[in-house]
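Colleague: Next comes the sequence, and after it the predicted model I'd like to discuss.
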Amino acid sequence: MDRLELGRVLKAARARLAPGEVGLTAGPRRRVTGLRREEVALLAGVSVEYVVRLEQARGPRPSPQVLTALTRALRLEPDERDQVFRLAGSAPPLRTEIEMSIRPSVLRLLQRLADLPAVVLSAKGDVLAQNPMARALLGDLSRWPAGRRNIVWQRLLGTGCARVAFTPEEETTWTQQAVGLLRTALSRYPDDPELGLLIHELTTGSDRFRTAWEEGRSTVRQSMRKTIDHPEVGRLGLDCDTLVLPDTDQSMIVYSAAPGTREASALEALRVIGTEHVPALS
């Protein structure tokens, strides 16, 4: 427990929170801009002396229940809440469900990648968004049925990932990465119902996935080179890099090619013509 830093964080959070934000009246004689310790104690259901001791780095180690009450009283964002728990020497509470919405800033970034295909995935591999270049390269993944817009499900149980070609060795590596992806998601979101359903469908419907899952062989998702069999521009070997968005456990997958290569020329053709018919490149 880092008592000194915990006290600083709690005091700063109290100072920047206006009474009106928590339903309290400031009053005409108020001398502080933030909340008083008495008000934090009232909102959290603890004693004023307890709040004073925590802020002065003299308090005992708070229980998870007290930390939850304090962080709620101070209206802390999830990342700020998790920091308070860690400073107090406790594990942050698990989030109940996987985030399926994308921040507007991430969507802006996705659209600014005008010359590179990019896809945003959830913590369990759901396709949340793709830019026009990704639609031209991979097809319109939003056309996958609702509840089936998941790259792991499509690869193992569906037909939506037909353009991505793997050697047997690459297939094994990809399966281990898929197991790692879902095991990590399960450890962080054990109560997410859609995640549990996905794992059940994969373990009962795919022998390859079930074997890898039961063996416990998994690797973290990492950048790799992928082969795309495009119906118009032919087979393309592209670098596939994963950019992690840690606050939501989402990731952005970006495809690229070295300048001057046939693959770079193919991507340029897809950028200009988009999803319209383009002749195969020689």
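Modeller: Thanks, I have the structure now. Residues are numbered from 1 along each chain as shown.
Colleague: For the rest of this, base every contact and every neighbour count on C-alpha atoms.
Modeller: Fine.
Colleague: Next, the buried residues of stretch 155-168.
Modeller: For stretch 155-168, burial by neighbour count (16 or more other C-alpha atoms under 10 Å) applies to 156, 160-161, 163, 165.
Colleague: quick one: contacts of it?
Modeller: The contact list for stretch 155-168 (C-alpha atoms under 8 Å, 6 or more residues apart in numbering) reads 138, 141, 144, 151, 154, 202, 205-206, 209, 226-230.
Colleague: PyMOL command to pick out the buried ones of those?
Modeller: To isolate the buried ones among the contacts of stretch 155-168 in PyMOL, judged by 16+ other C-alpha under 10 Å, type:
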select buried, resi 138+141+151+202+209+226+227+228+229+230
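Colleague: Output the contacts of stretch 155-168 as JSON lines; include the columns secondary structure.
Modeller: JSON lines is the format used below for the contacts of stretch 155-168 (DSSP: H, G, I helix; E, B strand; the rest coil):
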{"residue": "138", "secondary structure": "helix"}
{"residue": "141", "secondary structure": "helix"}
{"residue": "144", "secondary structure": "coil"}
{"residue": "151", "secondary structure": "helix"}
{"residue": "154", "secondary structure": "helix"}
{"residue": "202", "secondary structure": "helix"}
{"residue": "205", "secondary structure": "helix"}
{"residue": "206", "secondary structure": "coil"}
{"residue": "209", "secondary structure": "helix"}
{"residue": "226", "secondary structure": "strand"}
{"residue": "227", "secondary structure": "strand"}
{"residue": "228", "secondary structure": "strand"}
{"residue": "229", "secondary structure": "strand"}
{"residue": "230", "secondary structure": "strand"}
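Colleague: Take the contacts of stretch 155-168 and write them to a markdown table, including pLDDT.
Modeller: Formatted as a markdown table, those follow (pLDDT from 0 to 100):
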| residue | pLDDT |
| --- | --- |
| 138 | 92 |
| 141 | 89 |
| 144 | 89 |
| 151 | 95 |
| 154 | 94 |
| 202 | 96 |
| 205 | 95 |
| 206 | 94 |
| 209 | 94 |
| 226 | 91 |
| 227 | 93 |
| 228 | 92 |
| 229 | 92 |
| 230 | 91 |
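Colleague: returning to that earlier point: closest to residue 53 among the buried residues of stretch 155-168?
Modeller: For the buried residues of stretch 155-168, the closest approach to residue 53 (C-alpha to C-alpha) belongs to residue 156, at 55.6 Å.
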